[in-house]
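> Below is the structure, and that's it, no one-letter string:
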């Protein structure tokens with residue numbers, strides 16, 4: 001079982017974790033191996049993906065050795081003439097701080113077996129620390145880019161919902177106008193039937209009953225139309241409340257995205 005021994009703490013200011021490498025040790029197969037460590041304000045998955053992208057740009061292919069992620073034959077810096085195998089470990093800082101990752105680098109000369117190294121050999125650790133100091137900003141930038149993409153998707157989803165509510169409002173207003181027109185037409189027809197009934201007051205019973213049935217049918221229809229109109233107006237009122245709430249959600253998501261883009265050094269989008 002591995003343990004990481006840290007010789008110093010990362011720097012935390014205003015809630016933001018600034019990457020600064022430091023030396024530590026890990027337990028590996030009953031030995032203690034000197035390593036370089038950096039604390040990153042990224043999830044383990046983001047660090048893994050960002051590391052793979054960063055190393056791929058350097059032409060290094062990822063392999064796995066037991067619990068390590070390994071990139072072989074890498075130069076720790078541009079002036080380095082020797083090649084190094086880089087053994088990385090990524091672990092959340094704690095169960096409560098899963099969005100903070102400790103990235104540990106065990107540097108080993110190319111093709112050298114870890115256990116055959118002299119005990120406590122930390123010759124490569126200073127260069128490994130410099131490597132992590134160069135790597136950390138790239139991983140932070142990758143994390144921000146991923147976060148921005150996720151946030152952009154959330155913003156678009158919120159906007160889509162708002163646009164749906166706006167379209168619903170148009171449909172409801174059209175429905176209300178249609179119902180109001182139907183009610184006006186119904187009332188005109190009721191007045192006509194009432195007039196016909198008065199004109200047929202001296203007619204036979206069948207004619208009067210026919211007028212009465214038509215009038216009653218129109219009155220029943222008016223009742224149903226009135227109910228539909230009330231429901232439609234209630235739906236419209238609720239729609240406008242939902243729109244205000246959804247607009248607030250859109251504004252909130254936009255502000256979050258603008259904050260992320262500010263960290264990227266990009267201009268804020270116009271909402």
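That came through, no problem. Model, not experiment: these values are computed from the prediction.

> Give me the number of neighbouring residues for the nearest residue to residue 155 once chain neighbours are set aside.
Spatial nearest neighbour of residue 155, excluding adjacent residues (C-beta to C-beta, 6 or more residues apart in numbering): residue 253 at 4.3 Å. C-beta here means a position set from N, CA and C on the backbone, and glycine is covered the same way. Neighbour count for residue 253, taken as other C-beta atoms under 10 Å: 20.

> Now the spatially most central residue of the chain: which helix or strand?
Nearest to the geometric centre of the chain sits residue 150, at 3.7 Å (C-alpha atoms, centre = their mean). With secondary structure defined by DSSP states H and E, residue 150 is part of helix 125-199.

> now for that helix, which elements pack on it?
Packing contacts for helix 125-199, counted by 3 or more C-beta pairs under 8 Å, 6 or more residues apart in numbering; DSSP states H and E, involve strand 22-28, strand 31-40, helix 44-57, strand 84-92, strand 101-109, helix 205-264.

> That helix: how far from the chain's middle?
17 Å (C-alpha atoms, centre = their mean, to the nearest Å).

> now swap in stretch 240-260 and tell me
The answer for stretch 240-260 is 14 Å, by C-alpha atoms, centre = their mean.

> contact partners of that stretch?
144, 147-148, 151-152, 154-155, 158-159, 161-162, 165-166, 169, 268-269, 271 (C-beta atoms under 8 Å, 6 or more residues apart in numbering).

> Of those, keep whichever come out buried.
Neighbour-count burial (16 or more other C-beta atoms under 10 Å) applied to the contacts of stretch 240-260 gives 144, 147, 148, 151, 155, 158, 159, 162, 165, 169.

> What distance do you get for the fifth one to residue 234?
Taken as C-beta to C-beta, to the nearest Å, the spacing of residue 155 relative to residue 234 amounts to 30 Å.

> ok, now the third one?
Distance, residue 148 to residue 234, by C-beta to C-beta: 40 Å.

> likewise the first one?
The span separating residue 144 from residue 234 equals 45 Å under the rule C-beta to C-beta.

> hmm, back to that, what is the orientation angle of the helix holding residue 150 with helix 205-264?
Following axes from the mean of the first three to the mean of the last three C-alpha atoms, to 10 degrees, one obtains 160 degrees for the angle between helix 125-199 and helix 205-264.

> Helix 125-199 vs strand 31-40, what angle?
40 degrees.

> which stretches of the stretch 51-200 of the chain aren't confidently modelled?
Counting by pLDDT under 70, the stretch 51-200 of the chain has low-confidence residues at 200.

> again, 90 this time
Within the stretch 51-200 of the chain, the stretches with pLDDT under 90 are 58-67, 77-82, 93-99, 111-123, 190, 192-200.

> Wait, residue 28 touches residue 117, no?
No - contact status for residue 28 versus residue 117: not in contact, 10.6 Å apart, counting by C-beta atoms under 8 Å.
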